[in-house]
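> My questions are about this predicted structure, shown below with the sequence.
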Amino acid sequence: MAETALQVGIVVGYLLVALAVGIVAYRLTERTAEDYYLASRTLGTVVLVFTTFATLLSAFTFFGGPNISYAAGPEWILVMGLMDGVIFGVLWYVLGYKQWLVGRANGYVTLGEMLGDRFGSRGLRGTVAVVSLFWLFPYVMLQQQGAGTALEALTDGAVPYWVGAGGITVFMILYVTLSGLRGVAWTDTLQGAFMLVAIWAAFLWVAGAVGGVGAATETLRSVDGAPLALGGGLYSPEYVISTAVSIAFGVTMFPQVNQRFFVARSKAVIKRTLPLWPVLVLLLFVPAFMLGAWARGLGVATDVNENVLPPLLLEYTPAWFAALVVAGAMAAMMSSSDSMLLSGSSYFTRDVYRPFAADPSDRREALLGGVGVAVFATLSFVASLFRPATLIEVGNTAFGGFAQLSLPVLVALYWSGTTRTGMYAGVLGSQAFYVASVFVPAVPASYLGGWSAAVVGSQRLPCGRGRRRLSRWSRVPPAGRRSDSRVENTHGGTVPGRNHARRLSVTTPREPPPDPSAVVAVALPEGGRQFWLLDGDDDHVVRQREHSGVARDDGRPGQHGDAGDSVSPTRL
Amino acid sequence: MGVSKTLLGWTVAALVLMALAVPWFIWGSDAVVAGLPVWVWWHVGWLCLTALVFRLFTVRAWGLGIEEVSGDG
């Protein structure tokens, strides 16, 4: 009973700390959409790394990962290491850095907004948002379900499932609505630091209790299925590669991770984060997943929620420490959910509601964002009460679903020949295939001896034979005439503008800009190559130069600062 | 063509980093070294190497394929 009180006390303590952080963040938050959703693109290295890491993997590191290592062997270290340490690192540059440049130059807040603007299509913008929400909603539901069952188990049923899940939902609505991304990122950072310390303490504690790391590992020799041997059982080469690739690509399109591509304060921040990924991955995953594997060798049985880490810790570490880690894991679940709520809300309000509604003011949009969080969380909570099997299946296959988006986005970012029709085909075609592989028995879930549908489906290229070749990222009024409501696209259609966005002029060789010094372009007409010039290592200015020499930086003194201010005037 | 050779080189480096994060050549090995399976140690070493290569990339070639300064100016 004392343990239960301690665990509940730690959970409540965490909630209070999170609320305090939220209130501090609220006091710093401007009531604009960009500040609410992206903290005005001001995150530094440590906060960016930890918020991305904690958002994505915190609950998983404590529960899911050790469970898989327990059941199938510690090769999960390799799968996650390859996924998060190497492939995600490369994508952090290839997708993330490019998105950061493009987002910064054009004021994008969401992925759908970026693609909609690129192809001058509100429909595409809405489609990307709806596809993302389709996969995100059940995933949030699963988090609430996890929190509810964990609280129920923690208190031996004293807190019923619906009270636990509901209470955590209400709390998250409160503090996410209050604090926006700034508060969420700060609590994530606390969470990440806590995770690192806790998992190493647990690793050393358990190793010490059973006679050392070597003795703990040797216990696995007596287990059936040879878990110490590389491969075998679940882990075929096809499985390892498919899983790592589909999760890595899926991760980049998860709204809460994709949005973090936009939030770095500067180029130097992104550069510093890149080499940190493999190191953080090792520091967290090796001890966490070895613990799961040891539990198998030590003959520890899973608890009522089928998690293995809590019973392992209860057996080999003091009760207070086990309580701390278990409570921390629940807090970790929340740190994932709050980011998802915020991003889900931004996708809905910016890409589904706003483009099709009367143009609301910026302040009103921030307010709508808060309402969106509340609606999203409430709906997913209600769904978590009924736990429909279909939604659970969608949530469990969400990584693969998001992975289908990554290739169209990659192609849109890098290939000027991408067409709007091709994007629709790439997005909807791969989604249709993947959803069918999940729900339609006639469509296999794996191919050619073990390659998953998530990997097979994402190979569709968005290069349909569309009539229109939209070649520029966007086209906006010349510098000095900021867009207030709507922006003309390359083919005379309009896409919604942003009152607050710092839109810079984009030019083409045929249309020299009135002020070449203020030119920032993102993509060039067909056949053209793009050249970027950036001011120094730690700059905020994106500058582009064409080989044709039409749009040139003329090198006047002082212009960089001017352009920099116009790129990010809300920088704190 | 200096840029494209550099791009090719770094692309190959990235692919090699991905390809060998799992030590396929000791598939099935259950040797334990210093308390952990030998393939875990390979992975630890390889990810440290990855971090170094990433660091080198940020110093030497950041912007490659994304932000390119033209050769003519």
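Okay, I see it. Numbers count the residues shown, from 1 in each chain, chains lettered A, B, ... in the order given.
> Around chain A, which positions in chain B sit nearby?
B:14, B:17-18, B:21-24, B:26-30, B:32, B:34-37, B:39-40, B:43-44, B:47-48, B:50-52, B:54-55, B:57-58, B:62-63, B:65-70, B:72-73 (Cβ under 8 Å from any Cβ of the partner chain). (Glycine included, C-beta is placed from N, CA and C.)
> now, which of those lie within strands?
Secondary structure defined by DSSP state E assigns B:32, B:36-37 of the residues of chain B next to chain A to strands.
> Would you mind checking those residues for buried ones?
B:32, B:36-37 (16 or more other Cβ atoms under 10 Å in any protein chain shown).
> all helices of chain B, in order?
Here chain B has its helices, by DSSP state H, at B:2-19, B:38-60.
> quick one: contacts for residue A:280?
A:49, A:53 (Cβ atoms under 8 Å, 6 or more residues apart in numbering or on different chains).
> meant to ask about residue A:65
By Cβ under 8 Å, 6+ apart, the contact list for residue A:65 reads A:76, A:80, A:285, A:288-289, A:292.
> Give me the neighbour count for residue A:79.
By the criterion of other Cβ atoms under 10 Å in any protein chain shown, residue A:79 has 25 neighbours.
> Quick check: it touching residue A:242?
No: between residue A:79 and residue A:242 there is no contact under Cβ atoms under 8 Å: 9.7 Å.
> Not counting sequence-adjacent ones, nearest residue to residue 66?
All of this is about chain A. Spatial nearest neighbour of residue A:66, excluding adjacent residues (Cβ to Cβ, 6 or more residues apart in numbering or on different chains): residue A:292 at 2.9 Å.
> The intended chain is chain B.
Distances taken as Cβ to Cβ, 6+ apart place residue A:98 nearest to residue B:66, at 5.3 Å, with adjacent residues excluded.
> need the next SSE after whichever strand or helix holds that neighbour, C-terminal direction.
Element membership of residue A:98, judged by DSSP states H and E, is helix A:98-106. Later in the chain than helix A:98-106, the nearest helix or strand by DSSP H and E is helix A:111-118.
> list the helices and strands that next one packs on?
helix A:98-106, helix A:122-154, helix A:398-414 (3 or more Cβ pairs under 8 Å, 6 or more residues apart in numbering or on different chains; DSSP states H and E).
> Next, format these as CSV and append mean pLDDT and mean neighbour count.
Output for these, formatted as CSV (pLDDT from 0 to 100; neighbours: other Cβ atoms under 10 Å in any protein chain shown):
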stretch, mean pLDDT, mean neighbour count
helix A:98-106, 91, 22
helix A:122-154, 85, 23
helix A:398-414, 89, 24
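> what's residue B:44 in contact with, if anything?
When contacts are counted by Cβ under 8 Å, 6+ apart, residue B:44 touches A:282, A:286.
> Which pLDDT value goes with it?
Residue B:44 is assigned a predicted lDDT (pLDDT) of 96.
> and if you look at the one 3 residues further on?
Looking at residue B:47, its pLDDT reads 96.
> what residues are up against it?
Residues in contact with residue B:47 (Cβ under 8 Å, 6+ apart) are A:81, A:85-86, A:278-279, A:281-282, B:21.
> ok, now with 7 Å
Applying Cβ atoms under 7 Å, 6 or more residues apart in numbering or on different chains, one finds that residue B:47 lies in contact with A:81, A:85, A:278, A:281-282, B:21.
> Residue A:412 too?
By Cβ under 7 Å, 6+ apart, the contact set of residue A:412 is A:115, A:118, A:418, A:423, A:462.
> Who's the closest spatial neighbour of it, skipping the chain neighbours?
What sits nearest to residue A:412 in space, not counting adjacent residues and going by Cβ to Cβ, 6+ apart, is residue A:418, at 5.1 Å.
> What does the pLDDT read for the residue minimising distance to the centre of chain B?
Geometric centre of chain B, nearest residue: residue B:17, 3.3 Å, by Cα atoms, centre = their mean. Predicted confidence (pLDDT) for residue B:17: 95.
> remind me which residues of chain B are low pLDDT?
B:1-3, B:68-73 (pLDDT under 70).
> Repeat the analysis, applying 90 as the threshold.
Along chain B, segments meeting pLDDT under 90 span B:1-6, B:28, B:30, B:63-73.
> what does the stretch 401-550 of chain A give?
Filtered on pLDDT under 90, the stretch 401-550 of chain A yields the residue ranges A:401-404, A:407, A:414-419, A:426, A:430-431, A:434-550.
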